[in-house]
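# Structural data only, the sequence is not supplied:
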């Protein structure tokens, strides 16, 4: 069964001096301020498209890795994943670094690395971001 999720951005003004809000409509969990300075300089309590992409990527990757590990008979006790999305004004998103640390009884560091590589290649957000260089760092705890 397909699902559709919706977010809406309201923007006022020009890029450099304007600002807006993005609401997470489907979940209703919040509305967040966005602006060019929060994207290209310091966040200052506001979010950016890149931070929202990082949230989507880290959660999707964690789900894919958890599913793959469980399917191999070694479900994780815990996974902690961060996604660092780099934005260069004038260029766009120049790369993403996924860093995962996991507690997974019964597998070797090499098996964990392979499962993480598989999750990186197959999670739907990674596939959607295929035009971007995605680097992976995986550590078994």
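Yes, it's here. The structure presented is a predicted model; accordingly, all values stated were derived computationally and were not measured. Numbering: from 1, shown residues only.

# Let me see the contact set for residue 39.
Contact analysis of residue 39 by C-beta atoms under 8 Å, 6 or more residues apart in numbering lists 48, 49, 50, 87. The way it works is simple: take the backbone N, C-alpha and C, and place the C-beta from them, glycine included.

# switch the cut-off to 6 Å
residue 48 (C-beta atoms under 6 Å, 6 or more residues apart in numbering).

# So it lies in a helix, does it not?
Yes - membership of residue 39 in a helix is supported by DSSP: H, G, I helix; E, B strand; the rest coil.

# what's the neighbour count on residue 46?
18 (other C-beta atoms under 10 Å).

# mind checking how far it is from residue 83?
Note on residue 46: its distance to residue 83, by C-beta to C-beta, to the nearest Å, is 19 Å.

# If you drop the residues flanking it in sequence, what lies closest to the spatially most central residue of the chain?
Nearest to the mean C-alpha position of the chain, by C-alpha atoms, centre = their mean, lies residue 57 at 2.2 Å. Excluding its sequence neighbours, the residue lying closest to residue 57 (C-beta to C-beta, 6 or more residues apart in numbering) is residue 83, at 4.2 Å.

# so who does the one you found touch?
Listed by C-beta under 6 Å, 6+ apart, the contact partners of residue 83 are 54, 57, 58, 96, 98.

# swap the cut-off to 8 Å and go again
By C-beta under 8 Å, 6+ apart, the residues touching residue 83 are 53, 54, 55, 57, 58, 61, 96, 97, 98, 99.

# name the element the residue nearest to the centre of the chain belongs to?
helix 49-71 (DSSP states H and E).

# Which single one of the contacts of residue 83 is nearest to residue 131?
Ranked by distance to residue 131 (C-beta to C-beta), the contacts of residue 83 are led by residue 96 at 11.0 Å.

# Cheers, nothing more for now.
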